[in-house]
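Novice: Have a look; sequence and predicted model below, questions after that.
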Amino acid sequence: MLSNYLTDVKARVEADKEITQKERDTFIELVESKLNERFERYHWNANIHGIVIRLITNSFHLYDFWVENWYPGPRTHSLLPHGYIYAVNGVGGHEPHAYYHHESKTAIFINTEYYGQCKSWALGIAADTLETQHNIHSIHGACAIVQGKGIIIIAPTGTGKSTHTWGLMQYPDGKIHSDDWIFLQYKKGLAMADISERKFYLRTDMVKSFPNIRRLLNKCKCENVDNNDFTAFANSRAILDPEWIGGPDKFVERAVVRVVILLRRDDSSPPEVRLSPDEAISILEEGKAQVLAGAGGEIGMFKQEPFYNPYLLVRRPDIQRRFFRKLFDVAPCYILNTGVETVEESQERIKRIIGEV
C-alpha cells in the first residue's frame, strides 16, 4: 500500500442535520479555537459537479484523502465556496458527532477522522444546492455501461453495487462510470448521468470477488486495512483511480441511462421482477435495509433509509419522487434478488435486460 491510516472511528457517527444558526456559530467558535491551538490547519476547495466545497481540518488524513478524491476547485481568493466542512479532532469534552446547518451549507465533524462520512456529506451539501437550484438529481448508486447503454444499480450501502458494476465492466463491451454517486439531468427525453468524484473510495474486501484488484490496491492510499489484509475489516477502504481498473477506454464520465436495477437479498423472493414506476418509487421511498459495516448503527438490524440515500442532508421527498418518476419514464426498473443467485447469474440477467431495452 502507498499508505494506510487507522482511524479511531471506523463508521458514521451520530448526526444532527437540523442545527440552528446559533448552534452553528457556537460549534464554529469551538472548532476554530481548537484549530488555532497549533499550526496543523489544512484547507482545500473541491469542485463537486460545479459546487465548491471547502474542507477545513486539523487531520492530515482527511485532507490527504479529500485532495486525492475530488476534482480541484478554484483557488482564487475572490471566489468563495458554496459550502464548508469543518472536521476537527482533539476537541475535549465532546463525543464524536456530526452537525449540519442547511442555510449556510456548513457541516461540522467533531472528533472523527473516518473519511467515508466526510465524503458522503460533501456530496450531500452539493445535492442540497443542485436539486433545488439546478434541477439535478443526486442518486446514491453505481453505474456501468453495457452495449453502449447505461445501467444504474441502486441498493443499500455494502450490498453489492460496486461488485456488480465491476462485474459488468468485465464484459468486452462493458465500461465503468461510477461506483457510489451519480448526478442525473433529464433533457430531451434522456436521463444523462455524470460522475461525481475524480477517484473512487471503495471497499478493499472487493478482492474476494476480484482478486486481480490486489495489485492496484497495493498502489493506493488506504484506510483501516488491518494487518495488511484487505479482507480483515469489512469497511476498510482505498482511494483508487477508475482509469487504473481497466484502462482509460473502460471508464466514461457520462452515460445515457436505459435501465435501473434495484437489489435485495433474501431466500424467498423471485430472482427478477420488473417494477412499475409506482412500485419502484414505493420501494425506494421505504428504503428498508439491513445495517452493514460502515453504514452507521447496529450491524444486522433493519432500518429505513429513504431512497437508499443516507447522504442527503435535507429530505425533500416530493422532489425525489418527481425526479425518480422522470427517470422511470425513460428507463424501466427491475429488482433482482441476489440471495437466490450467484453474482454471475445476476449479471447475466442484467445483460439480458439491457439487450431488451
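Specialist: That came through fine.
Novice: can you give me the offset of the longest helix anywhere in the chain from its chain's centre?
Specialist: Longest helix in the chain, counting residues (DSSP state H): helix 115-133. The chain centre lies 10 Å from the centre of helix 115-133; the measure is CA atoms, centre = their mean, to the nearest Å.
Novice: Counting neighbours, what do you get for Val91?
Specialist: 19 (other CB atoms under 10 Å). All C-beta spots, glycine's among them, are computed from the backbone N, C-alpha and C.
Novice: what's the answer for Gly50, then?
Specialist: 15.
Novice: Kindly report the same for Met169.
Specialist: Neighbours of Met169 using other CB under 10 Å come to 21.
Novice: tell me the contacts of it?
Specialist: Counting by CB atoms under 8 Å, 6 or more residues apart in numbering, Met169 touches 144, 175-176, 245-246, 250.
Novice: Now list the buried members of those residues.
Specialist: 144, 175-176, 245, 250 (16 or more other CB atoms under 10 Å).
Novice: still on that earlier bit, include pLDDT when you put the contacts of Met169 into a markdown table, please.
Specialist: Listed next are the contacts of Met169 as a markdown table, based on pLDDT from 0 to 100:
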| residue | pLDDT |
| --- | --- |
| Ala144 | 96 |
| Lys175 | 96 |
| Ile176 | 96 |
| Ile245 | 91 |
| Gly246 | 91 |
| Lys250 | 96 |
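Novice: now, which of these lie within helices?
Specialist: Going by DSSP H, the helices hold 245-246 from these.
Novice: so what strands line up beside the strand ranked longest in the chain?
Specialist: Taking DSSP state E as the criterion, the chain has its longest strand at strand 254-264. With DSSP bridges as the test, strand 254-264 is paired with strand 149-154 (parallel), strand 190-194 (antiparallel), strand 333-337 (parallel).
Novice: could I get that strand in PDB with only the CA atoms?
Specialist: Taking Å, rounded to 0.1, in the frame of the first residue of the first chain, the C-alpha atoms of strand 254-264 are listed here in PDB:
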ATOM      1  CA  ARG A 254     -21.100  10.500 -18.900                       C
ATOM      2  CA  ALA A 255     -23.700   7.800 -19.700                       C
ATOM      3  CA  VAL A 256     -27.300   7.800 -21.100                       C
ATOM      4  CA  VAL A 257     -29.300   5.700 -18.600                       C
ATOM      5  CA  ARG A 258     -31.500   3.000 -20.100                       C
ATOM      6  CA  VAL A 259     -32.200   0.600 -17.200                       C
ATOM      7  CA  VAL A 260     -32.400   0.900 -13.400                       C
ATOM      8  CA  ILE A 261     -31.700  -2.200 -11.200                       C
ATOM      9  CA  LEU A 262     -32.600  -2.400  -7.500                       C
ATOM     10  CA  LEU A 263     -31.000  -5.100  -5.400                       C
ATOM     11  CA  ARG A 264     -32.400  -7.100  -2.500                       C
END
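Novice: Just the buried positions in the longest helix of the chain, please.
Specialist: Under 16+ other CB under 10 Å, the buried positions of helix 115-133 are 115-131.
Novice: Quick check: mean pLDDT of that helix?
Specialist: Per-residue pLDDT over helix 115-133 has a mean of 97.
Novice: swap in stretch 266-283?
Specialist: Taken as a whole, stretch 266-283 has an average pLDDT of 94.
Novice: one step back: of all the strands paired with strand 254-264, which gets the most neighbours per residue?
Specialist: Each of the strands paired with strand 254-264 was scored by mean neighbour count; the highest is strand 149-154, a mean of 25, by mean count of other CB atoms under 10 Å.
Novice: Name the next helix or strand downstream of that strand, please.
Specialist: Once strand 149-154 ends, the next helix or strand along the chain (criterion: DSSP states H and E) is helix 161-169.
Novice: Low-confidence stretches in the stretch 51-200 of the chain?
Specialist: Applying pLDDT under 70 to the stretch 51-200 of the chain picks out residues 157-159.
Novice: what about 90?
Specialist: 74-79, 155-167, 170 (pLDDT under 90).
Novice: Name the SS class of the residue in the chain sticking out farthest from the centre, please.
Specialist: Relative to the centre of the chain, and counting by CA atoms, centre = their mean, the farthest-placed residue is Glu37 at 33.1 Å. Following DSSP: H, G, I helix; E, B strand; the rest coil, Glu37 is assigned to coil.
Novice: Thr7 too?
Specialist: Going by three-state DSSP: Thr7 is coil.
Novice: count of neighbours near it?
Specialist: 17.
Novice: Whichever helix or strand comes after the longest helix of the chain - contacts with which helices or strands?
Specialist: Toward the C-terminus, helix 115-133 is succeeded by strand 137-140 as the next helix or strand (DSSP H and E). Helices and strands touching strand 137-140, as assessed by 3 or more CB pairs under 8 Å, 6 or more residues apart in numbering; DSSP states H and E, comprise helix 115-133, strand 149-154, strand 181-187, helix 317-330.
Novice: now strand 137-140, how far from the centre of its chain.
Specialist: 9 Å.
Novice: element containing Ala87, please.
Specialist: strand 83-88.
Novice: surely Gly150 meets Ala193?
Specialist: Yes - counting by CB atoms under 8 Å, Gly150 touches Ala193, with 5.7 Å between them.
Novice: anything in contact with each of these two?
Specialist: 143, 177, 255-257.
Novice: Of those residues, grab the buried ones for PyMOL.
Specialist: Buried residues within the shared contacts of Gly150 and Ala193, by 16+ other CB under 10 Å, are selected in PyMOL with:
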select buried, resi 143+177+255+257
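Novice: would CSV of the shared contacts of Gly150 and Ala193 with distance to Tyr171 be doable?
Specialist: Formatted as CSV, the shared contacts of Gly150 and Ala193 follow (distance: CB to CB, whole Å):
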residue, distance to Tyr171
Cys143, 15
His177, 14
Ala255, 15
Val256, 18
Val257, 18
